[in-house]
Structure formats: structure tokens, C-alpha cells
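**Q** Mind looking at a prediction? Sequence and model below.
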Amino acid sequence: PMKIIVPMAGRGSRLRPHSLATPKPLIAVAGSPIVHQLVHEIAKVVEEPITDIGFILGDPAFFGEAVEDSLKTLASELGANPHIFRQLEPLGTGHAIMCAASILEGPTVVAYADTLIRADLSLDPTADAVIWVKEVEQPEAFGVVQLNEENTIVNLVEKPKEFVSDLAVIGIYYFKEIEVLKVALKEVVKQSLQEGEEYQINQGILAMMEQGKVFKAGKVNAWMDCGNPEVTLQTNAEMLQFKKEEGETLVDPSAILENSTLIPPCFVGKGVRISNSNIGPGVSIGEGTIIENCELQNSLIQNHSHLINLKCEKAMIGNHVRYKGNPAFISLGDYSEMQ
């Protein structure tokens, strides 16, 4: 059996205005919320029944009942018990994990909920822990792992000025016995913070390495960011392509297309109406949205919006948006109106 811990208390400020009303992990990309896709992919990778999922949320004023309901539904889809924890102060990645202290026991995956992955790997039974990584072209922009001759991780280096490795840490970790990390982090959070400092998961991991715990690297095939609108559109297009190749149904049978062309891969949600339009490739359209006389490529449109006369190669549009016009690039949050 396996547990999953998902710290997701951040406000996703780089994705504003889209994250003003919807927490970033619950924004739908390629047809479903980021955190739902991430957790389902982890469940596939670990090949163990998931018994418990702990979600660490921020202020209830922002992460309210609707968010809790969505996450409880996600847990039930995997036959797991949901646990909701709160991190009310932004004190870092290590502090977030400790908010779930009551369930930190046994084999556990920790996954920070702002990326999407595609992976095809099994867990190394000789490892005390696995840190998932992806080869990157500019390692100096990331936190990377340092390996020894046995391919064991011996250090974590943040934004190295000199080459250490090209394996970037993607924010997903497996611990055979997470209580060892819990004990290490308990010591970390006892320390007082200087202004601007946070308690980080790396401090707990480095303490475990000093104790002789064996950390291995697990490589993912694809690692996709959802940090800002531009990269989220790119991720949406990549995820649509993966889903198409995996044979997933992307167009809901209730969608109505009149005098329109759909160039795959595209996601079209429940009750969508498209008329006199050319849509795709790389377009996701959420439930109940109406599209009239539009030409859209590489775009992400959420639920119950109404778009008329929009010709655009890159658009990220929220929920309940009303739009009539024709720009070169657009990024509109929930409940916007432009005519």
C-alpha cells in the first residue's frame, strides 16, 4: 500500500488572473485539473494500491469547500481516503509536509502539484527514497541532483553555477519510510528562521543522506510546467498529444459542431457548441462553452464562456468569460467581458 502527499497551498501568482478565483492545481489543462492528472499518473507509476491521499491547502477563504469536494472526489476515484490539512503561513516546502504529520508513515510519494508528468518506470527496491528528475538543457536554472559512480544521489544543488548534472529535480519524491523524513524535518522546523527564509524539503533530504539513506534518481519521460499562461498553453498542447496517442476520448459525445472543422488533438467538453469555426490543433474547450465564428489554435478555454469572432493562435481564457473581438494574444481571467 502507498500514500500520496500533495502540498498545494501556494496561490499560483504567476498564473494570474487565472488563479485569482481557481487555485492553480485545480485549473483544467487538456480537459481535467492539473492535480487530478498528476495524482492519477503517480498512481499508475507506483503500481501499488493508494490507501490515503493528504492534500495540504492554504487559507480556507481561497481553498474552500468546492476545492475540498474536488479533492475528495479525486481520492475516491483511486479508492483512497482523503485527508485535508492546512498550511496557513507560507513557511516552505518542508513545513508543508509537516502539516500532514499525522499520516506520515510507511511508503509515501510526495508530489508538489504544479507540474504534469508522463513516466514509465518502476520503483527501485534497493532505495530508501527516489527523487524524480528530468534531463534539462539549462541545468543552471534548476535544482539538480549530484550522483556518484553507483548512480546514487549524494547531494542536491540549487541553480549550480558550475556543471553538476543535467538532471533537474521536478518536485516528486518517494520515501520507503516517510517517518524518517518526518523525524529529520521535525528537527529542521525547530530552527528559527531569518527574514525571507523557509523550511525546505531539501533540508530533510540532506539530513537523511547524512544518515546513510540511499537515494536513487527516477527519470520521467516528460515534465511539463504550468507556471505562467505561455508555458501552460504549451503544456496543454503536449498533454493533448499524449492523450491522443494513448487513445483517450477527447471530444464529448454531447458536443455540437455546426459548419466547423476540428483539427486534432483537441479536447471538447460536455455541452460545448461550436459553429462556423476552425478549431485546433492544441485547443481545449471546457464544459458548456459556446464558440461562434472563431479560428483558434494552441488555446485553453475553461467552462461556460462565450466567444464570438476570435481569431487567435494563443489564448488562455477562464470561466464565464464573454468575448467579442480579434487580438493577437489574449489571457483573460474568470468572469471577464470584452466586446
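**A** Structure received.
**Q** List of residues touching stretch 256-263?
**A** Residues outside stretch 256-263 that contact it (CB atoms under 8 Å, 6 or more residues apart in numbering) are 251, 268, 272-281, 291. For every residue, glycine as well, the C-beta is placed using N, CA and C.
**Q** ditto for stretch 152-170
**A** 115, 117, 131-137, 139-148, 202, 205-206, 209, 214-217, 219-220, 223.
**Q** do stretch 88-104 as well
**A** For stretch 88-104, the surrounding residues in contact (CB under 8 Å, 6+ apart) are 3, 5, 7, 9-10, 52, 54, 56, 58-59, 83, 85-87, 110, 112, 178-179, 181-182, 185-186, 188-189, 193, 197-204.
**Q** Could you do stretch 300-308 as well?
**A** 27-29, 232-233, 236, 269, 283-294, 315-324, 334.
**Q** Please check these and keep the buried ones.
**A** Listed as buried from those are 27-29, 232-233, 236, 269, 283-294, 315-321, 323, 334; burial here means 16 or more other CB atoms under 10 Å.
**Q** Which of those fall in helices?
**A** The helices, defined by DSSP state H, take in T232, L233, N236 from these.
**Q** I'd say the first one and A315 touch.
**A** No - shown here, T232 and A315 do not form a contact pair, counting by CB atoms under 8 Å, at 11.4 Å.
**Q** Restrict stretch 100-108 to CA atoms and write it as PDB.
**A** C-alpha atoms of stretch 100-108 as PDB (Å, rounded to 0.1, in the frame of the first residue of the first chain):
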ATOM      1  CA  ALA A 100       0.400  16.300   7.300                       C
ATOM      2  CA  ALA A 101       2.400  14.800  10.200                       C
ATOM      3  CA  SER A 102      -0.500  12.700  11.400                       C
ATOM      4  CA  ILE A 103      -0.400  10.400   8.400                       C
ATOM      5  CA  LEU A 104       3.400  10.400   7.600                       C
ATOM      6  CA  GLU A 105       4.100   6.700   8.000                       C
ATOM      7  CA  GLY A 106       5.200   4.000   5.600                       C
ATOM      8  CA  PRO A 107       5.700   4.100   1.800                       C
ATOM      9  CA  THR A 108       4.700   7.500   0.500                       C
END
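**Q** Buried ones in that stretch, by neighbour count?
**A** Residues A100, I103, L104, P107, T108 are the ones in stretch 100-108 that count as buried (16+ other CB under 10 Å).
**Q** Kindly list the main-chain dihedrals of the closest residue to L310 other than its chain neighbours?
**A** Among residues not flanking L310 along the chain, C294 sits closest, at 4.6 Å (CB to CB, 6 or more residues apart in numbering). Backbone torsions of C294, given as degrees, to the nearest 10, read phi -120, psi 150.
**Q** Narrow the contacts of stretch 88-104 to those in strands?
**A** Mapping the contacts of stretch 88-104 onto strands (DSSP state E) picks out K3, I5, P7, D52, G54, I56, H83, F85, R86, V110.
**Q** Below-threshold pLDDT in the chain: ranges please.
**A** Across the chain, the ranges flagged by pLDDT under 70 are 10-21, 23, 121, 192-198, 326-339.
**Q** Could I get the full set of helices for it?
**A** For the chain, applying DSSP H gives helices covering 34-46, 65-77, 93-98, 178-188, 201-210, 229-245.
**Q** Looking at those, which is nearest to L123?
**A** helix 34-46 (6.4 Å; CB to CB).
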